[in-house]
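1. How does the following fold in three dimensions:
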Amino acid sequence: MRQTLRLGTIRGIPVGLHWSLLVVAGLLTVQLYGSLLPELVPGRSSTAYAVAGAVTAIAFLSSILLHELGHALVAERLGVRVRRVTLWLLGGVAELAHEAPRPSTELRIAAAGPAVSVGLGLASGALAAALHVAGAPDLVVASLAWVAIINLFLAAFNLLPAAPLDGGRILRAALWRHHGDRVRATMTASRAGQIVGWGLVGLGVFEILTSTSSGLWTALVGWFVLTAARAERERAERQRPPPPSGPFGGSPWEPLRRPAGHPALAPVVVVARPRVVRRYE
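-> Residues are numbered from 1 along each chain as shown. Next up is the predicted model:
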């Protein structure tokens, strides 16, 4: 994804944002200022709500950046080069230069982002509780509590076992390790992603029909998951090796049969087409 604004580099990894993130930042600030924070802590001035909303939105976007950096830094440590980290409309993307070489690497890279989000959620929640006990302003406590909850939600959502979410990557790593087949694992995780994507689109439409304000956002996230999962499945289908072929058919059992009229060819075919033994990491 092309970066609209380059923010700099972290550990040699280019970090930037897409213009669509500015839309998210504006909408989130308005929602925090206009409804969420006044409902949680009523009776404060408009200026206080505006400042708290802007700071809270920045804290949330920073959490997304740290989530993606979790993926990127673990990938670099494990020898998988990261091209860039980009924040955009629906979160962030850590673009890797190549696939993970083994299931264990895939698992560690995928799990790093949710682990960061869980850590941020717990830390923000603990800080909010400590400030509440210390008598800090309620608006500050409420803002930190919201950041804690949204980070834990972000971790839980990303752990759904559906590509391209982190949970889908974890599922693919587990299936890849179990079957020894990366393409087969990708196909299964992508199908799960399509199911989850359609489910989110349906939920978003239902929320829109019932006048729920978050319905459009839910449907948009679902459509992104659906299209990304479909693209991964199509890419995996292109990578799938063609079925074996030979003079006696494509079935792996065909070489074990003695073809009629050609008694001398059967042993040759057996030697030429040995059974593939897959290694598990």
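
2. quick one: low-confidence ranges for the stretch 1-150 of the chain?
-> Along the stretch 1-150 of the chain, segments meeting pLDDT under 70 span 1-3, 90.

3. hey, where'd the helices end up in the chain?
-> For the chain, the helices defined by DSSP state H occupy 20-31, 37-40, 46-77, 103-134, 138-158, 166-179, 182-209, 215-239, 266-272.

4. average pLDDT across the last one?
-> When pLDDT is averaged along helix 266-272, the result is 38.

5. Not counting sequence-adjacent ones, nearest residue to the residue nearest to the spatial centre of the chain?
-> Centroid-nearest residue in the chain, with C-alpha atoms, centre = their mean: Leu165, separated by 2.7 Å. Closest residue to Leu165 apart from its sequence neighbours, by C-beta to C-beta, 6 or more residues apart in numbering: Asn158 at 5.2 Å. For the C-beta atoms, the positions are set from N, CA and C on the backbone; glycine is no exception.

6. Let me know the pLDDT of that neighbour.
-> On the pLDDT scale, Asn158 gets 93.

7. gap between the residue nearest to the centre of the chain and Leu37?
-> Remark: distance between Leu165 and Leu37 (C-beta to C-beta, to the nearest Å) = 29 Å.

8. what about the residue nearest to Leu165, neighbour count?
-> 19 (other C-beta atoms under 10 Å).

9. That one: what's it in contact with?
-> By C-beta atoms under 8 Å, 6 or more residues apart in numbering, Asn158 lies in contact with His67, Gly113, Pro114, Ser117, Leu165, Asp166, Gly167.

10. wait, doesn't the second one sit right on Asp166?
-> If I follow you right, that is Gly113. Yes: counting by C-beta atoms under 8 Å, Gly113 touches Asp166, with 5.3 Å between them.

11. any common contacting residues for these two?
-> Joint contacts of Gly113 and Asp166 (C-beta under 8 Å, 6+ apart) are His71, Asn158.

12. Please name the residues that touch Met187.
-> Contacts of Met187 by C-beta under 8 Å, 6+ apart are Arg233, Ala236, Glu237, Arg240.

13. Can you select the buried ones among these for me in PyMOL?
-> Of those, the buried ones can be selected in PyMOL as follows, counting by 16 or more other C-beta atoms under 10 Å:
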select buried, resi 233+236
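
14. Pick out whichever of the contacts of Met187 sits closest to Leu96.
-> Checking the contacts of Met187 against Leu96 with C-beta to C-beta, the nearest one is Ala236 at 16.2 Å.

15. and that closest one, what is it in contact with?
-> Val183, Thr186, Met187, Ser190.

16. Ok, Gly34 next?
-> Contacts of Gly34 (C-beta under 8 Å, 6+ apart): Tyr49.

17. what stretches of the stretch 151-281 of the chain score poorly on pLDDT?
-> 212-214, 241-281.

18. hmm, 80 instead?
-> For the stretch 151-281 of the chain, residues meeting the criterion pLDDT under 80 lie at 211-214, 239-281.

19. thinking again about what came up before, export the helices of the chain to a markdown table and tack on distance to Ile10?
-> Formatted as a markdown table, those follow (distance: least, C-beta to C-beta, whole Å):
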| stretch | distance to Ile10 |
| --- | --- |
| helix 20-31 | 17 |
| helix 37-40 | 31 |
| helix 46-77 | 6 |
| helix 103-134 | 14 |
| helix 138-158 | 19 |
| helix 166-179 | 20 |
| helix 182-209 | 29 |
| helix 215-239 | 25 |
| helix 266-272 | 52 |
